[in-house]
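Asker: structure, please.
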Amino acid sequence: MEKPSHEKTDELLALCELFEDGIVDKYGAPLDLATLIESSEMVGVYLADISERGTRNSEQQILEFYETQKQEGKAFEIIYLSCCDHEDVDANTYRDMPWPRVPYNPDVTSAFMRKFWTFTAPRMVLFSPDGSVFSKEGVSLIRGFPHLYPWPDRCNLNRWAFKWGTRLLGSLLLFGLLYGLLMAAV
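Answerer: Next up is the predicted model:
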């Protein structure tokens with residue numbers, strides 16, 4: 001795969017290098033990664049292993065989200081990257097998916113996971129049109145907040161997550177304290 005000729009983020013350059021053998025559409029026709037990212041509002045690289053229960057649970061929601069975005073004319077794209085241990089399992093997993101893919105190569109998957117610090121499946125790393133990483137929690141965003149797409153920018157998203165995360169943590173601490181007091185009284 002050719003690297004973009006104009007100035008791009010380090011993440012996009014790294015992605016183009018990792019996927020140097022290219023990506024293909026559902027029918028096996030080659031696609032240009034840089035062009036796909038530039039022409040989309042957001043692109044998610046979806047790491048999946050159908051043998052993992054979490055992947056099976058998430059996949060239907062991701063598929064529904066993807067189809068909704070396409071029907072509404074939004075430029076959201078997913079690229080499938082297999083975490084399967086065997087190529088035949090990967091072929092069966094991908095058969096029903098509508099999005100482009102990186103041809104099966106465990107070395108590419110491992111390199112992607114190391115580069116972007118994603119060590120579990122299912123996981124989706126979301127990229128902005130400039131190729132920068134928007135979020136490594138694409139599966140969580142799709143499962144929890146599909147109605148908010150396009151999601152707020154990174155700064156607002158992080159502030160929002162911090163606000164709700166601290167509220168949740170505070171509630172858990174309060175519950176733990178009350179539970180401890182109750183148990184001490186018994």
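
Asker: what are the ranges of the strands in the chain?
Answerer: Here the chain has its strands, by DSSP state E, at 23-24, 30-31, 42-48, 76-82, 123-127, 133-135.

Asker: what are the pairing partners of the fifth one, and which direction each?
Answerer: Going back to what we said before, that points to strand 123-127. strand 42-48 (antiparallel), strand 133-135 (antiparallel) (DSSP bridges).

Asker: hmm, who's touching it?
Answerer: By CB atoms under 8 Å, 6 or more residues apart in numbering, the surrounding residues in contact with strand 123-127 are 11-12, 15, 37, 42-47, 62, 78, 116, 118, 133-139, 141-142. No exception for glycine: its C-beta is placed from N, CA and C like everyone else's.

Asker: could I have the ChimeraX command that selects the buried members from those?
Answerer: Selecting only the buried entries of these in ChimeraX, with 16 or more other CB atoms under 10 Å as the criterion:
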select :11,12,15,37,42,43,44,45,46,47,62,78,116,118,133,134,135,137,138,139,141,142
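
Asker: where does the prediction get shaky in the chain?
Answerer: 1-8, 50-57, 89-90, 92, 153-171 (pLDDT under 70).

Asker: tell me the bridge partners for the residue nearest in space to the middle of the chain.
Answerer: When CA atoms, centre = their mean is applied to the chain, the residue found nearest the centroid is M124 (1.2 Å). Per DSSP bridges, the residues bridged to M124 are Y46.

Asker: how near is it to E64?
Answerer: For M124, the distance to E64 equals 14 Å [CB to CB, to the nearest Å].

Asker: try L141
Answerer: L141 is 14 Å from E64, by CB to CB.

Asker: do the same with L173
Answerer: 35 Å.
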